[in-house]
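Chemist: fold the following.
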Amino acid sequence: MNCDEFGDGLENDCVINREKDPVNSKVFGVNRRSNFSRKEKGNDARLNGKNSNYQKKNNNDRKNGYVSSMFRNNPEVQLPVAILNKQIDIQASNKNKNSLFSTSTYKDLTDLHAHMVANLEQTLGVTKLTTVQSQTIPVLQSGKDAMVQSETGSGKTFAYAVPLIESLHKIRPKLSRTDGLRALIILPTRELALQTYENFIKLLKPYTWLVPGMFTGGEKRKSEKARMRKGITILIGTPGRLLDHAQNTKSISFKSLQWLIIDEADRMLDLGYEKDITSILSVVDEHRDESVPRQTALLSATLSEGVQRLAGLSLKDPVYIDASSIGNTDSECMAIPDSLLQYYVLAPPKLRLVTLSGVLLQKLQKGQISSKTLVFMATQDMVDFLSELLTTVLTCYHVQTPW
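Modeler: So this is what the prediction gives:
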């Protein structure tokens, strides 16, 4: 059998012929090579023809003033448009009533210790109470559970931190490291946990016997265990890491726990931490001493079904405090600080990168070179690409990208 009779032929048949007839095998090999040579020459000719046609088309496009399709028939990109409250369904009918600051000061809170008031005024420069603080602090000082609705940036941290510290520093004899954990504060992210931890360090300046601690993902569990063995009075952390220690660290004890704070509850549910928080609550209830009274506060910007379900698991006869600037509890509404300005730009997909670069350049050209800009991308590959691009292209504007 001669493989040339069948064009390309079957490889198995050709192998059999080569084994049976070495003469035909030689002929087969020569013919195959010659066929390949003819095909390669034909392909090269076609490619050369295509390349020449492509070059001619490009030359004609240049002569006629045509541009590539990426920049052809593009809609005009508008300037950044400010988002008004009514455009995102935020009802501001009671915004005047619920302004950020109230008319009260910390001195007006008669139950606060003089050292706390002096520390707030001298160290932190805080004198006036925000709306959420003026409504929440008296409730928590009375020993009741609280469910607080207030947007981010309204002063929620001090609203629970001040009464928490007040109740712990008044305990006599004074608490020490060996007395165990007395307060647990759960936050959704490492950044929020760090910010809250730093605020507690400042507030605890007059009360050195109260020791704060922070457990978050990304830190070494071994060092966290060592700090827990030394003794922590107020523990601040994220759900995943706290659940890990609650289930696996023997040195952590919830027997004497007096305070449980769940801050930014809606964000934790959005991040999928509902199961972790429920597990933490189960461990705390299982190991705590029933004779020790426990106070719980849940704080959230919105009151979705998930937040209300979580409140039912953790709170006991809570006082509801509405210090937000929204008039309903629809989960689609978003509570944002009044000082936050939001803008959006409509751009086609192929011009998003160009538009983003233009917005960044506009900021830099306005004399804001020393300011910092945070850009969120969907994937790490996009982050790497944009970082390399901005570092390479925008170096003349002193753009520095850490990633």
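Chemist: every contact and neighbour count from this point should use C-alpha atoms.
Modeler: Noted.
Chemist: for the stretch 301-403 of the chain, give me the ranges with low pLDDT.
Modeler: 325-339, 366-371, 394-403 (pLDDT under 70).
Chemist: for it, which segments are assigned as helices?
Modeler: Under the criterion DSSP state H, counting those that start in this stretch, helices of the stretch 301-403 of the chain are mapped to 305-314, 352-365, 380-393.
Chemist: out of these, which comes closest to residue 108?
Modeler: When the helices of the stretch 301-403 of the chain are compared by CA to CA, helix 305-314 sits nearest residue 108, at 30.3 Å.
Chemist: deepest of the helices of the stretch 301-403 of the chain, which one?
Modeler: helix 305-314 (a mean of 16; mean count of other CA atoms under 10 Å).
Chemist: residues touching that helix, excluding its own?
Modeler: By CA atoms under 8 Å, 6 or more residues apart in numbering, the residues outside helix 305-314 that reach it are 147, 265, 266, 269, 274, 278, 281, 296, 298, 300.
Chemist: wait, is residue 235 part of a strand?
Modeler: Yes - according to DSSP: H, G, I helix; E, B strand; the rest coil, residue 235 belongs to a strand.
Chemist: count of neighbours near it?
Modeler: Residue 235 is flanked by 20 other residues according to other CA atoms under 10 Å.
Chemist: cool, and the one 3 residues further on?
Modeler: Using other CA under 10 Å as the criterion, residue 238 is surrounded by 24 other residues.
Chemist: isn't it right up against residue 189?
Modeler: Yes - assessed by CA atoms under 8 Å, residue 238 is found in contact with residue 189 at 6.0 Å.
Chemist: rewinding a little: wait, which of the helices of the stretch 301-403 of the chain is closest to residue 161?
Modeler: helix 305-314 (18.4 Å).
Chemist: all strands for the stretch 251-400 of the chain, in order.
Modeler: Taking DSSP state E, counting those that start in this stretch to define them, one finds strands in the stretch 251-400 of the chain at 259-262, 295-300, 319-322, 343-344.
Chemist: helices and strands around the last one, which ones?
Modeler: Read that as strand 343-344. Secondary-structure packing of strand 343-344 (3 or more CA pairs under 8 Å, 6 or more residues apart in numbering; DSSP states H and E): strand 81-82.
Chemist: ok, now how distant is residue 107 from residue 135?
Modeler: Look at residue 107 and residue 135: by CA to CA, to the nearest Å, they are 15 Å apart.
Chemist: just residue 209 next, same as before
Modeler: For residue 209 relative to residue 135 (CA to CA), the value is 29 Å.
Chemist: of these two, who's got more company?
Modeler: residue 135 (17 against 14).
Chemist: quick one, what contacts the more buried one?
Modeler: Counting by CA under 8 Å, 6+ apart, residue 135 has contacts 321, 323.
Chemist: let's see it at 6 Å
Modeler: Residues near residue 135 by CA atoms under 6 Å, 6 or more residues apart in numbering: none.
Chemist: identify each buried residue in the one helix or strand it maps to, please.
Modeler: Applying DSSP states H and E as the criterion places residue 135 in helix 131-141. For helix 131-141, the neighbour count (16 or more other CA atoms under 10 Å) marks 131, 132, 133, 134, 135, 136, 137, 138, 139, 140, 141 as buried.
Chemist: equivalent analysis for stretch 288-298, please.
Modeler: 288, 294, 295, 296, 297, 298.
Chemist: and the contacts of that stretch?
Modeler: In contact with stretch 288-298 (CA under 6 Å, 6+ apart) are residues 145, 146, 147, 254, 255, 258, 259, 260, 261, 262, 263.
Chemist: how much space between residue 383 and residue 361?
Modeler: Relative to residue 361, and taking CA to CA, residue 383 is found at 18 Å.
Chemist: swap in residue 144?
Modeler: Applying CA to CA to residue 144 and residue 361 gives a distance of 52 Å.
Chemist: again, but for residue 375
Modeler: 13 Å.
Chemist: which parts of the stretch 101-250 of the chain are helices?
Modeler: 114-122, 131-141, 156-169, 190-203, 221-230, 239-248.
Chemist: what packs against the fourth one?
Modeler: Translated: helix 190-203. Helix 190-203 sits against no helix or strand, with contacts defined as 3 or more CA pairs under 6 Å, 6 or more residues apart in numbering; DSSP states H and E.
Chemist: what's the model's confidence in that helix, averaged?
Modeler: If you average the pLDDT over helix 190-203, you get 96.
Chemist: what does the first one give?
Modeler: Over the span of helix 114-122, the pLDDT mean works out to 93.
Chemist: mind listing what's buried in that helix?
Modeler: So for helix 114-122, counting by 16+ other CA under 10 Å, buried means 116, 117, 118, 119, 120.
Chemist: now the angle from it to helix 190-203?
Modeler: 120 degrees (axes from the mean of the first three to the mean of the last three CA atoms, to 10 degrees).
Chemist: which one of the buried residues of helix 114-122 sits closest to residue 168?
Modeler: For the buried residues of helix 114-122, the nearest to residue 168 is residue 116 (12.4 Å; CA to CA).
Chemist: of the helices of the stretch 101-250 of the chain, which stretch is the most buried?
Modeler: By mean count of other CA under 10 Å, the helices of the stretch 101-250 of the chain have helix 131-141 as the most buried, with a mean of 22.
Chemist: restricting to C-alpha, output stretch 190-204 in CSV.
Modeler: The C-alpha coordinates for stretch 190-204 follow below in CSV (Å, rounded to 0.1, in the frame of the first residue of the first chain):
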residue,chain,number,x,y,z
ARG,A,190,-8.9,43.4,60.2
GLU,A,191,-8.7,47.2,59.4
LEU,A,192,-11.8,48.0,61.5
ALA,A,193,-10.5,45.8,64.3
LEU,A,194,-7.1,47.6,64.3
GLN,A,195,-8.9,51.0,64.3
THR,A,196,-11.0,50.0,67.2
TYR,A,197,-8.1,48.5,69.1
GLU,A,198,-6.2,51.8,68.7
ASN,A,199,-9.2,53.8,70.0
PHE,A,200,-9.3,51.5,73.1
ILE,A,201,-5.6,52.0,73.8
LYS,A,202,-6.2,55.8,73.9
LEU,A,203,-9.3,55.5,76.0
LEU,A,204,-7.6,53.1,78.5
